[in-house]
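> I would like to see how this sequence folds:
(3 chains)
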Amino acid sequence: MPFNPHTPDDVEQMLAAIGAKKIDDLFDEIPKELRIESLAGIPDALNEMQIGRLMAARAAQDGTPLNFIGAGAYDHHIPSAVWAVTTRGEFYSAYTPYQAEASQGTLQLIYEYQTMITSLTGMQVSNASLYDGGSAVAEASLMAIRAHRKSKSQRILVPTSVHPNYRKVAVATATGQGVRFEEVPCPKGYLSVADLAKYQGEDITAIVIQQPNFFGVLEDVDAITDWAHANGTMVIGSVNPTSLAILKPPGEWGAKGADIACGDCQPLGVPLSSGGPYAGFLTTRMEYVRQMPGRIVGRTVDATGHQGFALTLQAREQHIRRGKATSNICTNQGLLVTAATIYLSLLGPEGLARVANECHRATQELVAALTRVKGVKLAFERSRFHEAVLQLDRPVAPVLVELARRGIVGGFDLSNDYPELGNALLVCATETRTAADIKAYADALAETLKAAVRAA
Amino acid sequence: MAMLKHPEKIIFEYSRPRRGAYGQWPTEPDSPNAVASDIPENLRRRKPAMLPEVSELEVVRHFTRLSQLNFSIDTHFYPLGSCTMKYNPKACNQYAMLPGFLSRHPLAPESTGQGFLACMYELQEMLKEVTGMQGVALSPMAGAHGEFAGVAMIRAYHRARGDLARNEIIVPIAAHGTNPATATMCGCVVREIPVNDEGDVDVEALKAAVGPNTAGIMLTNPSTCGVFERRIKEVAKIVHDAGGLLYYDGANLNAILGKVRPGDMGFDVIHMNLHKTFSTPHGGGGPGAGAVGVSARLLPFMPIPVVGKDGDKYRWLSEKDLPQSIGRLSAFMGNAGVLLRAYIYMRMLGREGMHRVGEFATLNANYLMARLAKAGFDPAYPARRASHEFIITAKRQARDLGVTAMDFAKRLLDYGFHAPTTYFPLLVPECLLIEPTETESKEALDGFIDAMIAIQKEAESQADFVRSAPHTMTVRRLDDVRAARQLDLVWKPAAA
Amino acid sequence: MSNIPADLKYTKSHEWVRTLANGNVEVGITDHAQGALGDLVFVEVPEAGKNLGAGDAFAVVESVKAASDVYAPIAGAVLEGNPALGSQPELINSEPYGAGWIARMKPNGAPGGLLTAAEYQAHLAAEG
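As a prediction, the model looks like this:
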């Protein structure tokens, strides 16, 4: 038993204090036929040396290929200080800050996070995080329905330029409560106000706009926001936090600004780590603060008038409101919020803008290099940020397999989610991809496409 | 442990224009930083976001000092009932953060993830074994998320059979708040049933509550009262005979790990809190992982993705493989890093270790309960064995001394112990729900008992002092009412 | 011991009703209810014009430890919600039967099915 401190003497003394003869007696209330003797299917224990070897072998097996996928999870430089401080035991093994006096570190950090993410998104108030960007869209939709006094339809418009997995998560999460998500097709790679004409005058509770959208293309956020507000429809902006250093934030879209902003904090100091844990963010206007799900930290004073922090507005949450809660969310993503807050503090406004500009520049270079390869075309001629869709002259999946063999993870195959785009590939280059990396990809792609032609 | 006497400033208060952690910037501070001309003017940010402008040392110092204001398992005993605050092994963190796992993109081809997928597949298999279920899905990102998946699968099962009237979920009144909240999120109606004086579900009330509208019942066993639901097989039969399914809230799995399996008790679907039973870090409020296990009849409805094996190759099973799935609950595949930590933990426990978790968690809880009872405290269910946790009620102290469970909780902080869970379950007044976990030594438990005895004495002779606790933390008791009435949720610079 | 004015009517869910001179009614929550909730931090009052059935949830009162629905004691139309509660929710704690009124309503017909002060007192005693 690797982590149990009990010696036989301890056990003897403890059983004596309880008045039991053996540990097994403590289970005497459990019907005998339910008791199992052993878990045959679990392998023998490994000590730390052994598990270390096993995990090292498995991690090495997967290697560290050169990554050119974005699609909602981005490969950014993470300063060493971020995880050195985040994995301190006092953050790592701390509990949810319900006992505020014993959790002022976590609480103040979350207050600082709320401040930073609110400013980044141009809104007025934030919660302490949700699970990820996908569930954030679901929660934002439910929140819009609660907050929108006049709309009864529970219809949420979701353009297909929104991340396909975010759309699927929203449907899986919120349809059970009667939310009706309606897809608006974007065959040109972006949403235009003309595409919305058929909804004019109808009762639509909210529309989700992703900026940059899933294809990396920049949406006309002002026109869409103004159309929505004129139609009595709330606006939910799903945004990339790095991009907000240089792009207009949701709070400034259109004449009145978006009503709710959400997204994923992963680009802010959280490693790709095979898909998670990430952290969803949710910000809004002050008038909707009581409709926000999840935890919120507030600054207050203690009994002697000194500043302190505490969870507040808890009456909305599951542990008090129970069946009428705003959501069932309990645990959030506290450790990742810690990392994101430290990351934002290290980068600062100018550092983050430089990261964003470098991502943009690297992606433009990537697009230029790859479209020089025969058989590769750019899909959408429109301004974009740090991702682009390319069209290949043949199915994408085998090309990606071959590139992987050469140590390059070339992009995300769009043909499953967007068959109308043909052989489409979503590529991304962040500030971590050098000119040499891009050249390596272009060369490998050229060889791959040439070789297949030869074989055909 | 020494608590800092002077609170830390807000990070923005350290900002100075043009100060920065330049070593982290991708380009030199004096180099151009213009937004590319191909981004339209009307889409550009006009004013920079308000983020700190501080040096790297200031960042490290600020957040390190903040961390020192926290209690944590690494520094304090945390007898929080229902939370299972056991030691988070450092090995789990170290090996989950190996570069091969950390730098892998979730959408990278499966050929580049066989090592990772092997860990996930084996985790699924081990979780099936310890719970006695037929299938496990790893993508729900927290316990409440797993609950959602479980209830959604129950609904999907009934709908697939054309049984559309079944929309009632039965919940004992002692249940955790996430249970009824989840039922509502799935479009179900909650029907509460009472718990009897011994902490068991009222079986007669259950019989009256089941019927053709029953979708299922949500239970945890041991219950939130800290005792084993002795008539569980009868409960299972009543619900199954009425056509409903049984959902197991795995928050208390630590009590029975290696001793009893939910599948054997008759449960159709369970969620596990990997951040409780399987020791992944609580992180100041997450991330968790709420893997779900299902019986054979719910296999087709599992949330995707799930890891499958074709020969010796691992791959993701998606909508094509599970067309009746309740859908995708995570943008990618759930909290992968958390799942890796749980995998490492389970491999380090192994078969024998798993078996001992329930045993020593239960030994520690019963020892604490016996000694606290002898010291004059009132267990809520004195005639029952403690499971891995138990309830002490401070009803008598509240009535006779005006000292409440909350007052005890706050004063315990001064003694260097995080408080137990207070005011849950709701049906026991002034309750303290105490769960020591199996990784605490006898000395840690004895220290807690001594502290409780000391506070009781203080309550008898200087009640005001206990009522105004804590006294030695960086802050005194905080004004929650003001926090809610005068909402200060975002720092603002002082008006110029 | 909570305060239960004799001249008002009550419901089992702890609302009170005062009939005004013009036949309209004023409603709120009882002293017992405000004590159980603790210091109120937020109140959501109904909008004028809303039509309610007896027992409909029409307001929410929120403290740090609980958020509760308030139920319409009688059927009728809302004339106005108490505008002072937006900035001073604590009026319900300090003056639950006076300045802390929640809404004024025009009843549909004569209010029926309400408890007298004595009956409400007995109900509280039975609830324990």
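
> Assign B:Asp197 to helix, strand or coil.
Recorded secondary structure, B:Asp197: coil (DSSP: H, G, I helix; E, B strand; the rest coil).

> need the contact list for the residue nearest the centre of chain C.
Centroid-nearest residue in chain C: C:Gly28, 2.1 Å away (criterion: C-alpha atoms, centre = their mean). Counting by C-beta atoms under 8 Å, 6 or more residues apart in numbering or on different chains, C:Gly28 touches C:Glu15, C:Trp16, C:Ile92, C:Pro96, C:Tyr97, C:Gly100, C:Trp101, C:Ile102. Any C-beta I mention is one placed from the backbone N, CA and C, and that applies to glycine too.

> So which of the residues you listed sit within strands?
C:Glu15, C:Trp16 (DSSP state E).

> What is the nearest of the contacts of C:Gly28 to chain A?
Of all those, chain A sits closest to C:Ile92, with 14.6 Å by C-beta to the nearest C-beta.

> Need the nearest residue in space to that closest one, chain neighbours excluded.
Leaving aside its sequence neighbours, C:Ile92 sits nearest to C:Gly100 (C-beta to C-beta, 6 or more residues apart in numbering or on different chains; 3.8 Å).

> Tally up the residues packed near the one you found, please.
24 (other C-beta atoms under 10 Å in any protein chain shown).

> Between the two ends of stretch A:192-207, how far is it?
Length of stretch A:192-207, first residue to last, C-alpha to C-alpha, to the nearest Å: 13 Å.

> ditto for stretch C:91-105
The straight-line separation of the ends of stretch C:91-105 (C-alpha to C-alpha) is 20 Å.

> how far does that stretch sit from the chain's center?
8 Å (C-alpha atoms, centre = their mean, to the nearest Å).

> And stretch B:85-101, by the same measure?
18 Å.

> Stretch C:86-93 too?
13 Å.

> What are the buried residues along that stretch?
Buried residues in stretch C:86-93, counted by 16 or more other C-beta atoms under 10 Å in any protein chain shown: C:Gln88, C:Pro89, C:Glu90, C:Leu91, C:Ile92, C:Asn93.

> Setting the sequence-adjacent residues aside, check what's closest to whichever residue of the stretch 351-496 of chain B sits closest to chain C.
At 3.6 Å from chain C, B:Ala484 is the closest residue in the stretch 351-496 of chain B, using C-beta to the nearest C-beta. Using C-beta to C-beta, 6+ apart and skipping residues adjacent in sequence, the residue nearest B:Ala484 is C:Val41, 3.6 Å away.

> Against A:Gly298, how distant is the one you found?
Relative to A:Gly298, C:Val41 is positioned 11 Å away (C-beta to C-beta, to the nearest Å).

> Around the closest residue to chain A within chain C, how many other residues sit close by?
Using C-beta to the nearest C-beta, the single residue of chain C nearest to chain A is C:Ala67, 3.6 Å away. By other C-beta under 10 Å, the residues close to C:Ala67 number 24.

> The strand or helix carrying B:Arg159: what's the following helix or strand?
Taking DSSP states H and E as the criterion, B:Arg159 maps to helix B:143-160. The helix or strand immediately downstream of helix B:143-160 is strand B:168-172, counting by DSSP H and E.

> and for that next one, what are the contacting residues?
With C-beta under 8 Å, 6+ apart as the test, strand B:168-172 has contacts from B:151, B:154, B:179-180, B:183, B:186, B:188-195, B:201, B:206, B:209-210, B:213-219, B:223-224, B:239, B:244, B:247.
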